[in-house]
Each structure stands twice: as structure tokens, then as C-alpha cells.
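>>> sequence and predicted structure are below.
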Amino acid sequence: MQHFITTDDLSLTATKTLIQRAQAMATTPADFQSLAKHRQLATLFFEPSTRTRLSFTSAMHGLGGTVLGFESSSSTSTAKGETLIDTIRVVSQYVDIIALRHPQTGAAALAAKYASVPVINAGDGCHLHPTQTLADLTTIDQFKHRLDHLTIAFAGDLKYGRTVHSLVQALMRYGQNRFIFISHPALKIPVTLRAQLTAQHIDFEEISNFDDCPDVLDVLYMTRVQAERFETATDYDAVKNAIQLTPAQSRFLTPETLLLHPLPRGQELPTCFDTWPQAHYFDQVKAGRFVRMALIEYLLTHNH
Amino acid sequence: MQHFITTDDLSLTATKTLIQRAQAMATTPADFQSLAKHRQLATLFFEPSTRTRLSFTSAMHGLGGTVLGFESSSSTSTAKGETLIDTIRVVSQYVDIIALRHPQTGAAALAAKYASVPVINAGDGCHLHPTQTLADLTTIDQFKHRLDHLTIAFAGDLKYGRTVHSLVQALMRYGQNRFIFISHPALKIPVTLRAQLTAQHIDFEEISNFDDCPDVLDVLYMTRVQAERFETATDYDAVKNAIQLTPAQSRFLTPETLLLHPLPRGQELPTCFDTWPQAHYFDQVKAGRFVRMALIEYLLTHNH
Amino acid sequence: MQHFITTDDLSLTATKTLIQRAQAMATTPADFQSLAKHRQLATLFFEPSTRTRLSFTSAMHGLGGTVLGFESSSSTSTAKGETLIDTIRVVSQYVDIIALRHPQTGAAALAAKYASVPVINAGDGCHLHPTQTLADLTTIDQFKHRLDHLTIAFAGDLKYGRTVHSLVQALMRYGQNRFIFISHPALKIPVTLRAQLTAQHIDFEEISNFDDCPDVLDVLYMTRVQAERFETATDYDAVKNAIQLTPAQSRFLTPETLLLHPLPRGQELPTCFDTWPQAHYFDQVKAGRFVRMALIEYLLTHNH
């Protein structure tokens, strides 16, 4: 049984095919609208994530399939003490494919072990969010027509931001990408990620503000500092406004730079940028829907 | 892009066409069950309203379309600080049409400004609830075969009841309608509405109990006094039972009078009336479903 | 109008037909996937029950129909004081069939009285849960090829466990079944059920542990002790671990014994049994989905 728990579950070739399929779906959606007819997707969201849940739902509907599930764990059988394993085995009897969101690291991998249908990781705690990474890759490929030889800056919360970690790891698989990490010193990338980059001799540097950005960028990927990741409000307040993009501080944005953000955003990305030609964060949302369509089709097809 | 934020967004002619379309749909629903096939509706309910949400969902299903959304703001990205504008721009990437319920006045108009798909106002705070008005108009037209030359009484909470304000304003657009407002003195119609009626030389009077009702009625439209609109329980208790229809006090009901209520009801409309031939409040519910079907079809058709 | 409020609402013949239909649906689901096309099911869950709600939803989707509803009463009009009767009359205007879960005994019967579409009881308080019983009967029939001449033990919470009461009453309608009740003395079957068994001269005995089990079993039906049924934590703690199946204490399980559990489970049924050939509790889940499909089809067909 093939699942999608991390981006590594798809080879570079399969990823490329999936991205192209997503772009074809976005171009002529009517050609794909019955691919999952009479198939059912369960969206099991043990923690709320409206955007991701609606994206998966819209994707399944776009393939002609149906969706059932829950939005948070408060009203589920887990409240009655049921284990994740039992829930997954039960829901496997109801549907053809499962999208699982869970607050615990490793939950999706555990679920995949016991499910009798394909499982998609829709986010497990601070750990992974691989379909967001697929959305990011699809957007970059759509506008830059390549996933290698890119100078990519990440700005914001690089310590807890799982979308950053996932996307960096995915882009490390392609050749000659160069990374610039821009964050408050308290929110730098984890040591494990730094070690991976070093071990693979990948060019990267870490700076603490936009002024030190050494070069023009192909991609600027911004993220929000999430209050819920901090132990105290004081810790959060100390760093929350450290990074904010301003028109005055944006000389590294060329007309061809992609300005991306996984959303929702905070003050780090003011709405004044929304009308800039570089702003592609709503295109990311669209790409997310279509690459989830392509992923659902892939898993339904490769498991039968 | 055409939206439906207030009843004024449709001309009298377009409203008439919509009402007739809704009545045709109610008569032969099978003729319309694939009109929105492969189309998606988002029901974005930032405050709960089960009845309205289910009505929109049933309407979209009745056209062969699919539905996604949320039931309350507690589990949405707004809890993470996302603005309504960003939510609308995101959801515009997922669906073909949006029904928005929001606690703030003007939210639906703001959403329409940023949406790339049609927006239907499913209620914005105490302000407007225009699809309820369409349901009311459709019911009156269905049983009285006209929307003019009517004597219509409104009873209950005329101060905060947005369904009353909307329906009065809609009926003012038709000729020779006469209004009787029956309420506790603390719950009379707002001064702005009174000023509009006076400015347009429309015949109306305000009384405080059913005994003073001067005439037989074509329509009696009752509303519930809503506890949540009052600042203190004392304020609410003082007025909540001021208006109650009783069989003894109902000489203004002829066999042809329509007894309407937007529901849910309180003690103001006892269940003993449910078997009276005048009772049409469950027909209003049915009309609401079909006129929402007609509205969805109209907006999907007129925007492509 | 035919409803399904208790298992007695179906004759033995109709039940048998339904079970066979469910088994046919499980075998060739594609033959049934458009039976309820353009039909709508409302899942009105006034108390949460994710498993049951998802089962009904999956069943309706499996017939090609659509689903709408709510997951708990917190966000419904009942919070605005609406009666169940009004809710049912309103929702009858939206859908073709209703599945109702409600915390109060008798709620489903009351709903059926006022609904203009068929009502299925999806559980009313501690009282009934008849579609679980249909799932249990379907599973027993599937693997034992009969519903009579069975030795069936029930273990766990026999006092509050409504699935036990419903299944015992259903199996009493078939000939020559023999019951063994295994529970802590504080959780024995209710006196009313004992009186029914005695009045009908049905062979049964009550014991307090697995060691006293007098014979090998055709079926062992286990249930969880539910904390929420007890007035104090002390009362619950005193009995919660009284019954636990262990491999050492399982000589009454033959290779042909069915080990069943309505789930979710607690410690009474350790996961080590999941790989035993006797374990059929996930087959019960599957049977539940398909017998609900058959029931929905039956009620839609027999009411038109």
C-alpha cells in the first residue's frame, strides 16, 4: 500500500509527474472531474485546520468524489478514549482514502501502518506538512519552470515553521539550490537541518534582517511567527515583530522574484504587497488544491 | 461580478423571475437537479445558523453541486488571526460561489469586494438577511399571487428583527402595500425605517397589542424576541412576553390570511396554530430552500 | 410513513431480507452506487457520535446520495430554544430521510411522529441504538449463517450498555438462542430484561467472571464500561476493570467463535486479540456501513 507521509515517499520523477498533472488539472479541470466518482475521502482532523481541510475537500469534489470526516478531536471517539489505531481501522471500512491531521509527530506514519486504504499526511504536529510542500513546489515550478539553480530566502519563524523545514528538505533534492535564512536569532533553523545542509555541501547562510540579504532572490518564502509554539507570551512578544517585509526594504525583489507565504499571515507580510506582480501566495493556495487532486488520483490509482 | 448582498441587488424584474424560477423548481425538482453539477458552494458561517446553513446545503445538493465550509469561527484560521479578506481570497480558489454568514454588519459587502466568485449574504449581524426576505416574498407570492396591494402586519421584535426590516424594505418597492407594526413600545421599528416609510408616503401604523389591530390582514408576520440582542436579562424579561398570538385574539385572521414566521419561534406563536390553514411558516422553509436554489443558479449563470 | 425507531419496526422476514441485501451490497458495491442519486440524508446528531455519523454518511454516499447535518447540538437552533419537533419539521423540507441521534429516550419516536420523511433512530440516550443491532445481526449471520440455535455470551457493562439490550431483544425473536451474561455484580442486566427472558422461557445465566463460563461459545459480545454513565468516579473505578478478556482465560473461544465488540473499546478487549481469527469487530464496522445502506434504500423505497 502506497501512502504519502513525507515528501520523500515520492521519487523526484514521481514528484515531477505529479506537479505536471496538477498543472494540467488547473488548466482544464473539466477533463478530470469524474476520476474519483463513487470514491470517498475521509478528512480526519484531530486538530483544526480549516484551510487545509477545505483544500482537500475541494480537491476531492473536483475529482467527482465525496468527503466525510471531522474538524477537531473534541467530538470524536478519541474523546471516549479510542486509540488512533482503532479510529483508522474503523474509518478504513468507510472510505477509499484518508487525509489525517494530528497534533502528534509521527501520527500519520503510525496511521499508515494500520490503515487498509492510502493515508495522506495533512500535518502531524510541528513535524511535517508535505502537501503544503507539494503546493510550494508546484507554484515555484509553474512560475520559474525549474526547481534547481534557485536562490531562495526563507524569512520569519525558521525554528518551528514546519513548512520551511519541509520545503528546504524537498529543494535539497534538486541541484544547485542556494538558501538564505532570515530570522530573529531565537528563531533560526534547527541544528538538525543545519547539519543536513552542511553534510550535503549545500550553499546557505543565516542572517537576522532583510538589510543583510546578499543578493537578489528567485524566491522569498515568508512565514508567520505562531504564538501557539511559544511557552510564554513574553517569549513570543520578544520575537513576533522581528521580521517584517516593507517596500523600502525589498531591493532583493526583482520583477521575476516569487513572493510566497503558506498563509495565514501576520504582520510580517503587509497587504500592500498583494498587488505587486511578485505576490503569488494566492496562486500557492490554488496550486495546493490541484496538487492535492493529483495526489489523491495518484494514490487511488497506484493502490488498485 | 454580480453578488447578492442586499435585496436591492436584484431589480424588481429579476426578483420576479427568481421567484417564478423557485416555484418551478419546487414543482418539478428533477428538472433542475444537474444544473450545478461539478460546481462547489462554500458555506462560510462565522457564527452558527444551522437552519440557514442546511437550507443552502440542501439547495446546492438539489442542483447537483457539492458543498464545503465551516459552521462557526471557533475552528477557523480567523482564530489564528486571519482577516476576513484573506479567508475570502483563499476560499475563492476552492469554490464557484460563497454563502457568507458573519456577525459584523457590512462583512458580506466587504467580502464581495475581494472575492473572485459570487458572494451571497447569508446574514451579517443585526443588519441584513436577504435570502430570508426572498423566502418570505416567494411564500407571499405563492399564496397571494401578488406582492402589492397587501395589508401586512409585523408583530414581535420590530427593533432588532432584521428579517422584519428587510421584508418591509423589499415590500416598499411594490405598490400600495400597507403596514401595521405590533410590538411592545421598547421594540418598535427603528427611526430610520420609520423615516423611509414617511418619506415615501407609505401607509403604516404602530400599535402595541393585537386588540388594536384595525383591520383584517393579508399577512401576519411574526418574529421572536431574541435574548441575545439585549444587554441585560432584565431588559429582555421586560418585553419577551409582550406579544403572543392566541386563538381568542385573532379576529384579524381570515381564511385567506397568511400566518408567517421566519423561525425559530418562541412563545409568541403557540403550536396550536400549526394545524390552522393560515399557518404557512413551514412553507416558508420550503420556499427558502428553492429560492436559494434559484439564486445560486442565477449567480452562477450571470457570472460566466 | 415507515420509520426505523426500534428493531421491532422490521418483521423477521424484512430483517432477513435487509441483512441479505446488505451482504449483497458489500460483495458488489458498484451495483448499488446510484440507488439514492439526487436524494439527501440529514444526519441530525444532538450528541456527538463520530463513528455512527461517518457510517451513515459513508452509507448514503455509497448509494450515490448526499448528506447534510450537524455533529452536536451546541451550534444548532435548539441553542436558540427551538424544539425538536420544529427542527424535524424544518429539516423535513430539506431532505428525503433523517438519521437522528439524541440524548433523550424517546426522541426518535417523537421525531417520527412529526417528520414528513422517514426517520432512522441513530441512538436515543441509553435507550436504543437499533442500527448497531442490525450491524451485529448482519455480522453474526455472515459468519455463522444463522441467527438461531446460538450460545451467546455478553461481557462487560450489561446494565447501561444499550447495544447489549437491543441485541438480546433482537436475538430473542429467533428460536433456541441461549444467553450467558458476564459482568461485575453492579453491572448486571436490568430487571426488565431479566423478566422478559424469564417470561419467554429463554435459557440464560448470569456469572461474574470468565472462569465460570460453562461452555464454549458461538459468539462472545464484549462491551466497554462507559465512565459517563456513572454518577461518581468512585462508582466507575469500582467496576471498570472487573471484566477483561485475556488469552489465558479464553478456553470458551473455539476457532469458530465470533468475538464481537461495538467499539470503541477500553481495556476489556486487549489489542493482542486483533490478529486472532475469532476477532470480527472490524467486520462489524463494515457490516454496519452496508446494513445502513440497505436500510436507507429500504425506507426510501417503501415510502414512495
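Nice, I can see it. Numbering: from 1, shown residues only, chains lettered A, B, ... in the order given.
>>> how long is stretch A:224-240 end to end?
In stretch A:224-240, first residue to last residue: 8 Å (CA to CA, to the nearest Å).
>>> equivalent analysis for stretch A:225-245, please.
The first and last residues of stretch A:225-245 sit 13 Å apart, counting by CA to CA.
>>> any idea of the mean pLDDT for it?
Averaging pLDDT along stretch A:225-245 gives 87.
>>> stretch A:254-267 now?
The average pLDDT for stretch A:254-267 rounds to 95.
>>> and that stretch, which residues are buried?
By neighbour count on 16 or more other CB atoms under 10 Å in any protein chain shown, the buried set for stretch A:254-267 is A:257-266. Glycine gets a C-beta too; all of them are placed from N, C-alpha and C.
>>> and if you look at stretch A:176-192?
Buried, per 16+ other CB under 10 Å, within stretch A:176-192: A:177-184, A:187-189.
>>> closest to residue B:218 out of those residues?
Nearest to residue B:218 out of the buried residues of stretch A:176-192 is residue A:187 (CB to CB; 67.5 Å).
>>> dihedrals phi and psi, the closest one?
Per-residue torsions, residue A:187: phi -120, psi 30 (degrees, to the nearest 10).
>>> report how many residues lie close to the residue nearest to residue A:9 when sequence neighbours are not counted.
Excluding the flanking residues, the one nearest residue A:9 by CB to CB, 6 or more residues apart in numbering or on different chains is residue A:3, at 6.6 Å. The local packing of residue A:3 (other CB atoms under 10 Å in any protein chain shown) involves 22 other residues.
>>> residue A:280 too?
Number of residues near residue A:280 (other CB under 10 Å) recorded here: 21.
>>> please report how far the residue lying closest to it once chain neighbours are set aside lies from residue A:284.
Setting aside the residues directly before and after it, residue A:280 is nearest to residue A:258 in space (CB to CB, 6+ apart), at 5.2 Å. From residue A:258 across to residue A:284, the span is 9 Å (CB to CB, to the nearest Å).
>>> need the residues touching each of those two.
When contacts are counted by CB atoms under 8 Å, 6 or more residues apart in numbering or on different chains, residue A:258 and residue A:284 are jointly contacted by residue A:139.
>>> what about residue A:147, which SS state?
Under DSSP: H, G, I helix; E, B strand; the rest coil, residue A:147 falls in the coil class.
>>> so it sits against residue A:138, correct?
No - contact between residue A:147 and residue A:138 fails when scored by CB atoms under 8 Å: they sit 9.9 Å apart.
>>> higher neighbour count, the two?
Set side by side, residue A:147 and residue A:138 show more neighbours around residue A:138, with 27 against 20, by other CB under 10 Å.
>>> so who does the more buried one touch?
Each residue near residue A:138 by CB under 8 Å, 6+ apart is listed here: A:19, A:22-23, A:287-288, A:290-291.
>>> chain neighbours aside, what residue packs nearest to it?
residue A:287 is the one closest to residue A:138 (CB to CB, 6+ apart), at 4.1 Å.
>>> the one you found and residue A:22 touch, don't they?
Yes - counting by CB under 8 Å, residue A:287 touches residue A:22, with 6.7 Å between them.
>>> who has more neighbours out of the two?
A direct count of neighbours by other CB under 10 Å for residue A:287 and residue A:22 places residue A:22 higher, at 29 against 26.
>>> pLDDT-wise, which helix or strand of chain A ranks last?
Lowest by mean pLDDT, DSSP states H and E among the helices and strands of chain A is helix A:233-239, with a mean of 87.
>>> show me which residues of it are buried.
residue A:239.
>>> who does it touch, helix- and strand-wise?
The criterion is 3 or more CB pairs under 8 Å, 6 or more residues apart in numbering or on different chains; DSSP states H and E, and there are no helices or strands that helix A:233-239 contacts.
>>> closest to residue B:101 out of the buried residues of stretch A:254-267?
Set against residue B:101, the nearest of the buried residues of stretch A:254-267 by CB to CB is residue A:264 (20.0 Å).
>>> wait, doesn't the closest one sit right on residue B:89?
No - counting by CB under 8 Å, residue A:264 stays clear of residue B:89, with 11.2 Å between them.
>>> what parts of chain A come near chain B?
With CB under 8 Å from any CB of the partner chain as the criterion, chain A meets chain B at residues A:30, A:33, A:48-51, A:54-55, A:57-58, A:61-62, A:64, A:66-67, A:71-72, A:226, A:263-266, A:271, A:282, A:285-286, A:289.
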